[in-house]
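A.B. asks: Sequence first, predicted coordinates after that:
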Amino acid sequence: MDTVTTFQSSGMTALIDRPVRYDLAESTSPPLRLGDLADPAELTELTLGYGTTHGDAELRELIAASSGVAAAQVLVTVGAIEAMFLLAQAICGPGDRVLLATPCFPPTRTVPEGLGAQVDVVPLSFDDGYRLPLSRIADALTPRTRLVSLASPQNPAGVRFTDDELRAVLAEVADRAPTAVVLVDETYRESTYGDDPVPRSVAGLSSRLVTTSSLSKAHGAPGLRIGWLTTTDAGLYERLRQAKFHTTIACPTAEEFLAAQVLRRRTDILATRARRLAEALTELLDWTRTVPVEIVRPDGGALCCLRLPADRGTDAFYARLARNGTRVAPGSWFGEQDRVFRLGFGHLPVEDFTTALDRLGDAITGGN
């Protein structure tokens with residue numbers, strides 16, 4: 001496993017299909033409960049008819065208010081993953097090229113490849129803190145590039161790109177790949193630490209920019225399967241809306257209703273999770289000073305990347321971890337080497353997180 005750099009997206013199904021006692025691979029904030037969102041009486045009166053392809057009007061208004069765009073520029077989707085699929089389906093095909101910065105969420109690569117597009121990969125470096133190598137991204141652009149796919153904060157590293165970095169990418173794209181769309185996945189944007197302010201969305205930076213997000217990570221509601229995309233390009237919006245109609249038609253009305261309840265309570269929900277994430281990140285950083293492991297400190301999100309020493313065998317490490325009833329996300333899931341792994345620090349209860357770190361430390365140092 002030490003030299004594995006290929007994507008193993010099928011391995012990620014373990015996150016939902018094979019539970020373990022101490023799951024440090026999961027990258028969500030503490031999960032919400034249905035009772036946090038709605039009175040049962042409200043649900044009994046809910047009509048389960050079709051929604052619209054655009055998405056519920058109030059829900060789109062709530063999303064638009066936090067994204068800096070108009071409600072008419074928001075398309076509600078079945079998670080952010082459907083938004084990514086719809087965009088790739090609308091603009092990519094055989095012979096087209098997609099530029100992808102890795103490590104990344106696997107479907108950002110597998111979806112355009114499945115549509116016959118050629119994927120050009122620009123690897124980001126653990127040693128450089130996963131910052132954007134602008135010159136290498138510029139060199140990888142071609143007139144055939146139709147999509148440039150980024151995430152900020154990144155999955156799996158939690159590193160956020162600055163507005164200046166994204167403006168520089170947009171300028172290079174305009175010059176070298178004038179028909180390309182730039183996708184910025186903002187799924188972790190509202191996932192902050194302590195009293196840190198929520199960064200503004202980049203949705204309004206350019207008409208060639210599409211953003212995606214969801215309620216799955218920062219808000220702790222992955223079970224709702226509600227996400228969205230934004231675009232200020234009216235023509236592209238209509239193509240994406242039509243693509244949604246021909247796939248899922250509309251999102252479930254019950255989930256859209258509950259999603260609106262989440263966003264009405266956004267301030268309190270995010271503040272509670274920000275406090276917990278700040279405490280967990282502090283504990284994690286303190287723990288890294290006691291074991292032979294490196295970390296790239298995240299800027300946002302309930303996740304980060306750590307790296308084993310070069311002299312540690314990854315096969316033995318992952319085997320020991322499995323015996324300990326503990327799991328992390330191997331780097332090969334994201335296009336990295338397996339010396340690097342993603343660790344989620346927001347999902348487990350406080351006492352379980354401490355125990356999980358102890359077990360992870362045993363696996364790193366060779367204990368049982």
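C.D. replies: Cool, got the structure.
A.B. asks: where does L229 land in three-state SS?
C.D. replies: Three-state assignment for L229 (DSSP: H, G, I helix; E, B strand; the rest coil): strand.
A.B. asks: That one contacts A203, correct?
C.D. replies: No: contact criterion C-beta atoms under 8 Å: L229 and A203 do not qualify, at 9.4 Å. The way it works is simple: take the backbone N, C-alpha and C, and place the C-beta from them, glycine included.
A.B. asks: what touches both of these two?
C.D. replies: The contact sets of L229 and A203 overlap at T211 (C-beta atoms under 8 Å, 6 or more residues apart in numbering).
A.B. asks: When the two are compared, which one has more neighbours?
C.D. replies: It is L229, of L229 and A203, that has more neighbours when counted by other C-beta atoms under 10 Å, with 28 against 25.
A.B. asks: What residues are bridge-paired with that one?
C.D. replies: With DSSP bridges as the criterion, L229 is bridged to L75, T212.
A.B. asks: Then V119 would be within a helix, right?
C.D. replies: No: judged by three-state DSSP, V119 forms no part of a helix; its state is strand.
A.B. asks: Tell me the bridge partners for the closest residue to it other than its chain neighbours.
C.D. replies: Excluding its sequence neighbours, the residue lying closest to V119 (C-beta to C-beta, 6 or more residues apart in numbering) is V98, at 5.0 Å. Under DSSP bridges, the beta-bridge partners of V98 are V119, L147.
A.B. asks: which residues does V98 contact?
C.D. replies: A88, C92, P112, A117, Q118, V119, D120, T145, R146, L147, V148, S149.
A.B. asks: from the residues you listed, which two are the most distant?
C.D. replies: The span of the contacts of V98, defined through C-beta to C-beta, is set by A88 and D120 at 14.4 Å.
A.B. asks: and of the contacts of V98, the nearest to F105?
C.D. replies: Nearest to F105 out of those is S149 (C-beta to C-beta; 9.2 Å).
A.B. asks: what does the lengthiest helix in the chain rub up against?
C.D. replies: The residue-count maximum for a helix in the chain (DSSP state H) belongs to helix 266-288. The list of residues contacting helix 266-288 from outside it, by C-beta under 8 Å, 6+ apart, reads 29-30, 32, 62, 66, 190-196, 198, 218-220, 262, 294-295, 297-298, 302, 304, 306, 343, 345-346, 350, 353-354, 357, 361.
A.B. asks: What's the local residue count around L258?
C.D. replies: 24.
A.B. asks: Report the inter-axis angle for the host helix or strand of it versus helix 266-288.
C.D. replies: If you go by DSSP states H and E, L258 is part of helix 253-264. Using axes from the mean of the first three to the mean of the last three C-alpha atoms, to 10 degrees, the direction of helix 253-264 lies 80 degrees away from that of helix 266-288.
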